[in-house]
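> with the input below, show me the fold.
(chains A and B)
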2 protein chains.
Amino acid sequence: MIRLLGIDPGSRRTGIGIIDVDTYGHYSFVHCEVLNLLIDTDNFPERLGKLCDGIDAVISEFKPQQVAIETVFMDKSAMSALKLGHARGAAIATVVRRHLPLSEYAPRVIKQSLVGKGAADKDQVQHMVKLLLNLQGERLQADASDALAVALTHAHMSATAMRAGVPVTALRRR
Amino acid sequence: MIRLLGIDPGSRRTGIGIIDVDTYGHYSFVHCEVLNLLIDTDNFPERLGKLCDGIDAVISEFKPQQVAIETVFMDKSAMSALKLGHARGAAIATVVRRHLPLSEYAPRVIKQSLVGKGAADKDQVQHMVKLLLNLQGERLQADASDALAVALTHAHMSATAMRAGVPVTALRRR
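Numbering: from 1, shown residues only, chains lettered A, B, ... in the order given. Prediction:
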């Protein structure tokens, strides 16, 4: 079994999603949360510090073995891309300093992986996240859903590698 | 006396400059270096991790009390601004997590502060850095010079506050 951490970084809110993937490629929901970086401060550097503290705390508590993060959607304005870049840089550095392997996925790839088309809307992605993780009926914040979506994408994308350790008999039974 | 750390962040090379400022507003050179983040890796996340490790090591060794960093020059291309944003975000988060006060200065303000005009070129800035820190004749890498320049700018900008603790007699003698 492999535990995956998905991160949807932002300088105001950062989504965290954790799933487990077993050797058969089945996944299960473990945890999700949204780090609200605006609590108690509007100071941008402090928000980046809180982002790192939050990710560090989640890594310590849940001990994920691999991490996946969304790449920046470059159609955003230069200023918002820059702010998002700061948040991503802080998040990525935190993961790397914990010596965890990190994979990056473009928003289009995440949509393609979950919904089957790169132009899917957010509601469709959230619908699939809930379906795949058996969370129907649960309220899921958008950033948490996005974090779970990138974790699920990583599970799909690395399925072959993950299954490499599976005994042949197990593979045949699928 | 106050010890200042200036950082010129970049995802390939990050400049580090440390100066001391006494209660009379005189400064002296302490240390400068360029963190070469490309050594042993071309992996962008790993470079961000090395950037944070490098800044953390410098803070532990030299124990600066305040930190100054250059803001992003937004005329750069969207992609280079985004990469620089990642490096700045990682650097800023590292400083904040060490509980050090951080000030940010625009390139134009740094040039104005050191050379007296916001449109000064890099050579003029380096010339003033060497003059002010008594480093004439020394070879100074561009990134290290830029890091010392932002530290000097912070010293100028916060001079009034720094002098607030100076006894009146000392001020009169100036």
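
> which one is the closest residue to chain B within chain A nearest to, not counting chain neighbours?
Using CB to the nearest CB, residue A:85 is the residue of chain A that sits closest to chain B, at 2.7 Å. Where C-beta positions appear, they are placed from N, C-alpha and C, glycine not excepted. Closest residue in space to residue A:85, ignoring its immediate chain neighbours: residue B:85 at 2.7 Å, by CB to CB, 6 or more residues apart in numbering or on different chains.

> contacts only, for that neighbour.
A:81-86, A:88-89, B:72 (CB atoms under 8 Å, 6 or more residues apart in numbering or on different chains).

> which residues of chain A lie near chain B?
Proximity of chain A to chain B is confined to A:44-46, A:48-49, A:51-53, A:72, A:74, A:78-79, A:81-90, A:92-97, A:102 under the rule CB under 8 Å from any CB of the partner chain.

> take these and keep only those in strands.
In this view, the residues of chain A next to chain B that belong to strands under DSSP state E are residue A:102.

> of the residues of chain A next to chain B, buried ones?
By neighbour count, with 16 or more other CB atoms under 10 Å in any protein chain shown, the residues of chain A next to chain B hold A:44-46, A:48-49, A:51-53, A:72, A:78, A:81-90, A:92-97, A:102 as buried.

> and the residue most central in space within chain A, what does it touch?
Among the residues of chain A, the one closest to the centroid is residue A:6, at 1.9 Å (CA atoms, centre = their mean). Residues counted as contacts of residue A:6 (CB under 8 Å, 6+ apart) are A:15-19, A:67-69, A:146-152, A:154.

> so which of the residues you listed comes closest to residue A:57?
Proximity of these to residue A:57 (CB to CB) peaks at residue A:16, which lies at 9.7 Å.

> just the pLDDT for the closest one.
Reading off the confidence values, residue A:16 has pLDDT 98.

> what do you get for residue A:88?
In this prediction, residue A:88 carries a pLDDT score of 96.

> what's the answer for residue A:169, then?
The model reports residue A:169 with a pLDDT of 34.

> what mean pLDDT does stretch A:114-129 have?
91.

> ok, and for it, which residues are buried?
In stretch A:114-129, the ones that count as buried by 16+ other CB under 10 Å are A:114-115, A:120, A:125-129.
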